[in-house]
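Asks: please work out how this folds:
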Amino acid sequence: DDGSIYVHCDWRVNSHIRFILDEIFGSKNQRNQVVWCYGGGSAPKGYYHRKHDNLFWYSKSNGSWIFNKQFRPYSEGTLQRGLTAVKGDHYKLDEKGATLDDWWHGKEVQKILSPTAYENLKYPTQKPEGLLSRIILGHRNEGDLIADFFCGSGTTAAVAEKLGRKWIAADLGKFAIHTTRKRMIGVQRQLKEDGKDYRAFEILNLGRYERSHYI
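Replies: Purely as a prediction, here's the structure:
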């Protein structure tokens, strides 16, 4: 009942997706439309460069949902100016930083553009771990369950495991399952080397009801 769903899309279908989500979850349960900004690429002719996608956040209920406030670093101008010049001597900057807003940008959530980036698994729709970390930390607590039914390269499962959340990952593509399996074995190996806890996981083939167990 305190769960949330994030749906990612770009400018081509965002208006259609919004109507579908309103129908399923109710417009009153939309909490935010997050703008995910990124750079890179050449400058087009005849229109503005499209450099953002949309993240629609809906909660299951209108009365109770998990929301853990997150912070971003203050800009250099804010650090130099402070708040007292604007609001008076009774105000001071929060040591945690500025409250995160609905416009996400910066190196923490930057798209994986470089072919030599350490995260890059050469999967076409791969998301940066920083983006999924921000979503998971904001809406699920340690030990809670995360589900991604279009898991692709396995970023959601990898981040959830690193953050101590339980997870379910599903996909129709064999390449996605293979990529996620390989990635999760690597995550477990790294957690073990770092002396951190990790869980065994299973791969279930729902078409043939075959089961494999990986530790």
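Asks: quick one, what contacts the residue nearest in space to the middle of the chain?
Replies: For the chain, the residue nearest the mean C-alpha position is residue 132 (2.2 Å; CA atoms, centre = their mean). Counting by CB atoms under 8 Å, 6 or more residues apart in numbering, residue 132 touches 155, 156, 159, 160. Any C-beta I mention is one placed from the backbone N, CA and C, and that applies to glycine too.
Asks: same thing but at 6 Å, please
Replies: Residue 132 sits next to 155, 156, 159 when contact means CB atoms under 6 Å, 6 or more residues apart in numbering.
Asks: out of those residues, which are inside helices?
Replies: Judged by DSSP state H, the contacts of residue 132 include 155, 156, 159 as members of helices.
Asks: wait, doesn't the last one sit right on residue 129?
Replies: Yes: Residue 159 lies in contact with residue 129 (CB atoms under 6 Å); the separation is 5.2 Å.
Asks: these two: who's more crowded?
Replies: Neighbours were tallied for residue 159 and for residue 129 using other CB atoms under 10 Å; the higher tally belongs to residue 159 (25 against 17).
Asks: quick one, grab the pLDDT at that one.
Replies: If you check residue 159, the pLDDT there is 98.
Asks: can you read off the backbone torsions of residue 152?
Replies: phi 60, psi -120 (degrees, to the nearest 10).
Asks: burial measure for it, as a count.
Replies: Using other CB under 10 Å, residue 152 has 20 other residues around it.
Asks: isn't it right up against residue 176?
Replies: Yes: the pair residue 152 / residue 176 is scored as a contact, 5.4 Å apart, by CB under 6 Å.
Asks: hang on, the earlier thing: name the nearest of the ones in helices among the contacts of residue 132 relative to residue 22.
Replies: residue 156 (24.0 Å; CB to CB).
Asks: I'd assumed residue 150 was in contact with that closest one.
Replies: No: between residue 156 and residue 150 there is no contact under CB under 6 Å: 9.3 Å.
Asks: so for these two, which sits in the more crowded spot?
Replies: residue 156 (27 against 13).
Asks: contacting residues for the more buried one?
Replies: 132, 148 are the contacts of residue 156 under CB under 6 Å, 6+ apart.
Asks: gap between it and residue 181?
Replies: 14 Å (CB to CB, to the nearest Å).
Asks: same check on residue 44?
Replies: 38 Å.
Asks: and for stretch 111-121, what's in contact with it?
Replies: Contacts of stretch 111-121 (CB under 6 Å, 6+ apart): 38, 40, 126, 128, 153.
Asks: need the worst-confidence member of those residues.
Replies: residue 40 (81).
Asks: contact partners for that residue?
Replies: The contact partners of residue 40, by CB under 6 Å, 6+ apart, come to residue 113.
Asks: going forward, count from 37.
Replies: Happy to do that; since the first residue is 37 now, the last one works out to residue 76.
Asks: how about the longest helix that the chain contains: buried residues?
Replies: Ranked by number of residues, the top helix in the chain under DSSP H is helix 210-229. Of all the residues in helix 210-229, those buried under the rule 16 or more other CB atoms under 10 Å are 212, 213, 215, 216, 217, 219, 220, 223, 224.
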